[in-house]
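Q: Sharing a model prediction with you, sequence too.
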Amino acid sequence: MPLKVLIVGGVAGGATAAARLRRLDEATEIIVFEKGEYISYANCGLPYYIGDVIREKEKLIIQTPENMRERFNIDVRVNSEVIRIDRKNKIVEVLDKSNNEIYTESYDRLILSPGAEPVKPKLSGVDGQRIFTLRDIPDTYKIKDFIDKHKPKHAVIVGAGFIGLEMAENLHERGLDVAIVELSDHVIGPLDSDMAAFVHQYLRSKGIRLYLKNGVREFIPEGEAVSVKLSDGRLLYADLVILAVGVRPNVKLASEAGLELGKSGGILVNEYMQTSDPDIYAVGDVVEVQDILGTVLKKEKYTEAVPDNRGGQLHTGPALTEKTVLIPLAGPANKQGRIAADNICGRSIKYRGTQGTSIVKIFDLTVALTGANEKQLKEMGIDYEKSFTYSLSHAGYYPGSTPMTIKLLLAKNDGKIFGAQIVGYDGVDKRIDIIAVAIRAGMTVFDLQELELSYAPPFSSAKDPVNIAGFVASNLLKGDVSTFQWDEISDLDRTEVLLVDVRTKMEFGLGTIDGAINIPLDELRKRIDELPGDKSIHVFCQVGLRGYIAARMLMGKGFASVKNLNGGYLVYNTVMQDQLAMEHADANSAEEGRGLSGSEDVDGLSVKPAESGIPCAETTDCGKPVDMKD
């Protein structure tokens with residue numbers, strides 16, 4: 001007897017599960033319910049339609065109900081909301097919105113893919129006509145039509161995640177003055193604050209105003225505009241507001257059916273994407289899944305048992321007991337939909353966890369991350385090391401190379417890679433994907449050294465940036481150099497520690513760490529007698545390479561305590577300038593936003609273009625690059 005499978009929700013998870021089910025079994029009866037009008041669309045392309053990068057509406061639509069019926073023989077019912085699950089009798093109640101009628105449908109297996117809904121804080125004035133959220137096609141059309149008709153000039157974006165930043169770019173490109181309000185002290189929550197500082201600098205150089213460590217207290221209508229009152233009392237003027245403060249899993253249906261929820265509020269599933277009811281699966285933004293870090297730490301092997309049976313093998317083991325997380329990304333949702341379909345058709349396939357590999361374009365800048373960040377590692381009590389490296393996207397002598405900063409997080413004991421973050425321009429996507437694969441495979445930084453990656457001058461260097469990151473991190477683990485961190489500098493006991501800037505005199509004159517002396521690297525051997533033998537010598541350069549050479553030299557000369565600044569002066573100075581910019585912003589209490597343009601002067605601070613903040617390479621003197629070696 002053929003199975004009957006009902007799927008609640010389309011888009012990434014539900015539509016993928018439906019198509020996979022049909023490819024595996026021609027006989028299964030498949031019905032997809034979608035409460036809206038659109039069954040499958042490009043969520044991630046929505047900001048670019050608003051920004052006129054994507055101009056045709058049709059390009060946002062991936063699949064139509066008609067195409068699903070014709071190609072896959074799938075019964076797709078739009079404007080049909082499943083409002084109740086009767087688990088005992090294995091039926092669902094469906095509200096047909098077109099006729100305002102309720103009917104029932106039976107199932108053998110049920111897949112829940114209702115997604116998530118945008119968070120809309122309960123604030124005075126939040127329902128104003130100039131305040132929008134962006135989650136689906138109708139939201140997109142509303143925002144686009146509003147901009148085309150009313151020609152707003154000032155926008156406030158509440159929230160600095162991926163959607164918030166993409167909207168900032170697209171609204172700015174359409175000529176709006178843009179301000180971002182973010183409750184955290186940095187943009188892109190999973191990004192570490194020191195890497196986010198580079199992004200802040202770049203956004204300010206583009207004329208985007210940042211109000212960090214700030215929330216919204218209320219929205220005050222002002223005729224054809226709205227004043228956004230911040231938690232510190234400031235008022236931001238706007239004629240368009242985008243709420244991008246995050247999403248929450250749409251678990252009402254599952255919760256009312258008595259399905260088990262996780263600690264983060266999503267539907268809890270096991271490795272086979274089954275809920276606490278083995279006949280009901282859940283996929284996509286609504287589920288809690290195991291963090292990939294748990295798999296990496298357990299060194300679990302990636303093997304599959306694929307039984308030669310059909311008909312819905314059930315895995316009735318307990319739901320995951322490892323740390324579970326909510327990670328609303330399209331890639332994991334697609335994979336989960338496929339795995340749920342496989343298991344319904346008798347293939348014993350496990351979902352191995354989500355590592356949160358993400359990337360975002362911000363004007364010309366690219367920000368990418370994968371795996372754990374420092375906050376997560378600290379919360380889990382994991383002993384870790386970190387490294388910063390700076391490389392070019394391809395050979396420096398070939399025209400058009402651009403810089404990137406790579407931060408690696410790794411285990412102190414064996415060098416297993418926990419996470420990575422990259423900020424740069426060209427080639428960032430390629431490098432984050434390599435490291436994402438390395439994390440998934442349980443590789444170490446020693447493995448990164450040995451990766452044989454494609455090389456020709458227009459594409460990379462003989463030692464790829466990923467190799468360089470492996471070299472530097474490996475040096476730390478092997479004890480070739482000890483490091484100190486940018487956030488430790490203020491607590492250094494200067495009676496016990498001497499800071500030595502080994503950059504050129506010109507670089508030193510442009511700015512250094514307070515209290516440091518300057519001995520350029522090429523003069524260090526001749527002037528080594530100037531260094532006291534009874535102090536710890538803490539050296540630094542611009543990005544770490546010359547500091548590393550200096551540290552090795554001093555260690556070879558018998559100095560007992562030598563450390564090199566991890567990430568160099570660049571990381572330290574970028575973070576300090578970012579903090580200074582925030583302090584200047586905090587000092588402003590007058591009404592903000594009227595008539596401001598994309599000036600590089602931000603709240604009284606002259607901010608250099610971001611290109612000068614992300615280095616092209618370590619330099620021996622001003623502007624002269626040298627080879628990035630270990």
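A: Thanks, I have the structure now.
Q: from what I can see residue 87 touches residue 254, true?
A: No. Applying C-beta atoms under 8 Å as the test, residue 87 and residue 254 come out as separate, 10.5 Å apart. (Glycine included, C-beta is placed from N, CA and C.)
Q: Between the two, which has more neighbouring residues?
A: With neighbours defined as other C-beta atoms under 10 Å, residue 87 and residue 254 compare such that residue 254 has more, 26 against 15.
Q: What ranges in the chain fall below the confidence cut-off?
A: 293-322, 586-630 (pLDDT under 70).
Q: Return the set of buried residues in stretch 392-409.
A: 392-396, 401-409 (16 or more other C-beta atoms under 10 Å).
Q: same deal with stretch 523-542?
A: 524, 531, 536-542.
Q: Name the pair among those with the greatest separation in space.
A: Using C-beta to C-beta, the pair of the buried residues of stretch 523-542 lying farthest apart is 536 and 542, separated by 21.4 Å.
Q: List the residues that contact the residue nearest the centre of the chain.
A: By C-alpha atoms, centre = their mean, the chain has its centre lying nearest to residue 358, at 4.5 Å. By C-beta atoms under 8 Å, 6 or more residues apart in numbering, the residues touching residue 358 are 162, 190, 329, 368-370.
Q: Next, it: phi, psi?
A: Phi and psi for residue 358, reported as degrees, to the nearest 10, are phi -140, psi 160.
Q: Number of residues surrounding residue 378?
A: 11.
Q: That one in helix, strand or coil?
A: helix (DSSP: H, G, I helix; E, B strand; the rest coil).
Q: Now do it against residue 384, distance only.
A: Plainly put, residue 378 is 8 Å away from residue 384 if you go by C-beta to C-beta, to the nearest Å.
Q: same question, residue 111
A: Taking C-beta to C-beta, one finds residue 111 at 38 Å from residue 384.
Q: Those two - which one has more neighbours?
A: A count of neighbours by other C-beta under 10 Å puts residue 111 above the other of residue 111 and residue 384, at 29 against 18.
Q: Would you agree that one falls within a strand?
A: Yes. Under three-state DSSP, residue 111 falls within a strand.
Q: That one reaches residue 284, doesn't it?
A: No. At 9.7 Å, residue 111 and residue 284 do not qualify as touching, with contact defined as C-beta under 8 Å.
Q: between the two, what contacts are shared?
A: Common neighbours of residue 111 and residue 284 (criterion: C-beta under 8 Å, 6+ apart): 14, 337.
Q: Enumerate every residue touching residue 252.
A: With C-beta under 8 Å, 6+ apart, residue 252 has no contacts at all.
Q: measure it to residue 551 for me?
A: For residue 252 relative to residue 551 (C-beta to C-beta), the value is 58 Å.
Q: same deal with residue 144?
A: Residue 144 is 55 Å from residue 551, by C-beta to C-beta.
Q: The two - which one has more neighbours?
A: residue 551 (26 against 17).
Q: would you say the more buried one is within a helix?
A: Yes. Counting by three-state DSSP, residue 551 falls inside a helix.
Q: In contact with it, which residues?
A: Residue 551 makes contacts with 481-482, 539, 562-564, as judged by C-beta under 8 Å, 6+ apart.
Q: go with 7 Å
A: 481, 539, 562, 564 (C-beta atoms under 7 Å, 6 or more residues apart in numbering).
Q: In helices, which of those residues appear?
A: Among the contacts of residue 551, no residue falls in helices (DSSP state H).
Q: Show me which of these is closest to residue 195.
A: residue 564 (19.3 Å).
Q: Cross-reference the buried residues of stretch 523-542 with the strands and report the matches.
A: 536-540 (DSSP state E).
Q: Just the closest of those to residue 388, please.
A: Using C-beta to C-beta, those come closest to residue 388 at residue 540, 12.0 Å.
Q: And the helix or strand hosting residue 200, what does it pack against?
A: Using DSSP states H and E, residue 200 sits within helix 193-205. Helices and strands touching helix 193-205, by 3 or more C-beta pairs under 7 Å, 6 or more residues apart in numbering; DSSP states H and E, are strand 209-212, strand 365-371, strand 417-424, helix 568-587.
Q: Could you work out the most separated pair of the contacts of residue 358?
A: 162 and 370 (14.2 Å).
Q: the more surrounded of these two?
A: residue 370 (26 against 22).
Q: Show me what the more buried one is bridged to.
A: residue 420 (DSSP bridges).
Q: ok now do it, which residues does it touch?
A: 355-357, 419-420, 432, 435-436, 439.
Q: Check these and tell me the two furthest apart.
A: With C-beta to C-beta as the measure, no two of the contacts of residue 370 lie farther apart than 356 and 435, at 12.6 Å.
Q: Show me which of those two is the more surrounded one.
A: Neighbour count, other C-beta under 10 Å: between residue 356 and residue 435, residue 435 has more, with 28 against 22.
Q: and the more buried one, that one's in a helix?
A: Yes. Counting by three-state DSSP, residue 435 is located in a helix.
Q: Cool, thanks, talk later.
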